[in-house]
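Q: fold the following, please.
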Amino acid sequence: MKQLLKTLKYSALLLTIVISSGAMAAPSKILFGSCGHQDKDIPIFNAINKEQSDLFIFLGDNIYGDTNDMAVLKNKYQRLGAKLGFKALRAQTPIIAMWDDHDYGQNDAGKEYPHKEASRQIMLDFWQEPANSARRTRPDGIYTSYMYGEGEQTVQVIMPDLRFNRDTLNSVSELEYYTKRKLNNQGPYSPTEVKGASMLGEAQWQWLEAELKKPAAIKLIASSLQLLPDFTGWESWANFPEDRNRLFALIKKHQVNGVIIISGDTHWGEISRYQQNLDYPLIEMTSSGLTEKWKDVSPNQHRVGNYTHNVNYGDLSIDWQQVDPAISLKLKGIEGQVIMQSDFSLSSISPYK
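A: Residues are numbered from 1 along each chain as shown. All right, here's what the predicted structure looks like:
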């Protein structure tokens, strides 16, 4: 028995080393979600935990902090951490996380949020980020990336920070919102007209370009906000067209294969497909929310099929055993049932040699 316990402890230590170094095997199943309220039951964790995935990605609005009181913010994280479903997920599955506005600290907030440094440390403490992590000290945000697997079976997860350095949003008048936008299920924001306005800032852009140039079979961009939809009136990459166009241009310039996008924030779920002036189609799955719902779903000309405004989580599965790996993006409901999916091969998003 002592020898068995010793072996188990050694195995656990090896697992910890592998995960902390980012050298885990290429994941075959990555689950993801966003928009979970800490004061509500989150029964969808039961379905998520049954999947026993290789990785879970929290895409933002992981709690609803919305406060200038850091003690309140910390307590709200603790409420999420106390949930049995979350405890089970943390115990069995590697987790990585990015924030969006509500866990950043304030609805639709950007670089002007006065408590972002304190909020940063509270967030990273909760997600057990190492004390020496660059995410704790970068002057312009908590953006990061992870590399899993090796050789032809490599998945890179790129997580931009769309809050810490984000410039001012362009808002319509209250009158226009209520007389025009709201009637069309659209929000109060329009694309900025300020030249150079950005969500990321130049330093993060330089980092992102370097990350895109790293070799990986699949480049998973985990964005807290929707990237492909042209215009919803809510927060999205479309409100900063220079950022959005710059990303598309970098994919072409550096001939980046294998880009897949996952996003959150909206309180509805959908699949988007975009190929304007690109060499292969970009596919985005929006998964939102783990608890939150939004009935007035905005139009999206790039939407594939229907949307859902019921609670959901995302599933990116990769069959590495095939010569041309098969990729499946699924949106799943509270019982783990498939609501919608998109299936494609790795070669179909990898045109560059």
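Q: low-confidence ranges in the stretch 101-250 of the chain?
A: Of all residues in the stretch 101-250 of the chain, none has pLDDT under 70.
Q: what about the helices in the stretch 51-200 of the chain?
A: 70-81, 84-92, 101-104, 116-126, 174-176 (DSSP state H, counting those that start in this stretch).
Q: turn these into TSV, including mean neighbour count.
A: For glycine as for every other residue, the C-beta is placed from the backbone atoms N, C-alpha and C. Listed next are the helices of the stretch 51-200 of the chain as TSV, based on neighbours: other Cβ atoms under 10 Å:
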stretch	mean neighbour count
helix 70-81	16
helix 84-92	15
helix 101-104	27
helix 116-126	18
helix 174-176	10
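Q: what's the burial count for Gln301?
A: Neighbour count for Gln301, taken as other Cβ atoms under 10 Å: 10.
Q: offset the numbering so it begins at 789, please.
A: I'll keep to 789 as the first residue from here, and by that count the last item is Gln1089.
Q: re the thing from before, let's have the helices of the stretch 839-988 of the chain in a markdown table, adding distance to Thr1074.
A: A markdown table is the format used below for these (distance: least, Cβ to Cβ, whole Å):
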| stretch | distance to Thr1074 |
| --- | --- |
| helix 858-869 | 21 |
| helix 872-880 | 21 |
| helix 889-892 | 16 |
| helix 904-914 | 22 |
| helix 962-964 | 26 |
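Q: I'd like to know which of the ones you listed is closest to Ser1086.
A: helix 962-964 (15.8 Å; Cβ to Cβ).
Q: what helix or strand is Gln992 on?
A: According to DSSP states H and E, Gln992 maps onto helix 990-1000.
Q: for that helix, list every residue counted as buried.
A: If you call a residue buried by 16 or more other Cβ atoms under 10 Å, then helix 990-1000 has these buried ones: 992-993, 995-996, 999-1000.
Q: which of the residues you listed sits closest to Gly873?
A: Glu999 (32.0 Å).
Q: tell me the spacing between the closest one and Arg1091.
A: Note on Glu999: its distance to Arg1091, by Cβ to Cβ, to the nearest Å, is 28 Å.
Q: cool, and Asn850?
A: 25 Å.
Q: neighbour-wise, which of these two wins?
A: Asn850 (29 against 18).
Q: contacts only, for the more buried one.
A: Residues in contact with Asn850, defined by Cβ atoms under 8 Å, 6 or more residues apart in numbering, are 822, 824, 868, 885, 887, 891.
Q: in CSV, list the buried residues of helix 990-1000 along with distance to Tyr977.
A: Output for those, formatted as CSV (distance: Cβ to Cβ, whole Å):
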residue, distance to Tyr977
Gln992, 21
Trp993, 22
Trp995, 26
Leu996, 23
Glu999, 27
Leu1000, 27
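Q: on that earlier part again, give me the contact list for the helix holding Gln992.
A: Helix 990-1000 is contacted by residues 927-929, 931, 933, 944, 946, 948-949, 953, 986, 988, 1007, 1034-1035, 1038-1039, 1042, 1044 when judged by Cβ under 8 Å, 6+ apart.
Q: before we move on, the earlier item: ok, which of the helices of the stretch 839-988 of the chain comes nearest Glu1023?
A: Across the helices of the stretch 839-988 of the chain, closest to Glu1023 is helix 889-892 (Cβ to Cβ), at 7.3 Å.
Q: helices and strands around the closest one, which ones?
A: helix 904-914 (3 or more Cβ pairs under 8 Å, 6 or more residues apart in numbering; DSSP states H and E).
Q: could you check the angle helix 858-869 makes with the helix it packs on?
A: 30 degrees (axes from the mean of the first three to the mean of the last three Cα atoms, to 10 degrees).
Q: this protein: strands as residue ranges?
A: 817-821, 843-846, 883-885, 932-938, 941-947, 958-959, 977-978, 1006-1011, 1047-1051, 1058-1062, 1070-1074, 1101-1107, 1114-1120, 1126-1133 (DSSP state E).
Q: can you redo these as CSV with distance to Ala876?
A: Formatted as CSV, the strands of the chain follow (distance: least, Cβ to Cβ, whole Å):
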stretch, distance to Ala876
strand 817-821, 13
strand 843-846, 11
strand 883-885, 12
strand 932-938, 22
strand 941-947, 22
strand 958-959, 41
strand 977-978, 38
strand 1006-1011, 22
strand 1047-1051, 22
strand 1058-1062, 28
strand 1070-1074, 24
strand 1101-1107, 15
strand 1114-1120, 17
strand 1126-1133, 22
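Q: out of those strands, which gets nearest to Pro1017?
A: That would be, of the strands of the chain and by Cβ to Cβ, strand 1058-1062, which comes in at 5.8 Å.
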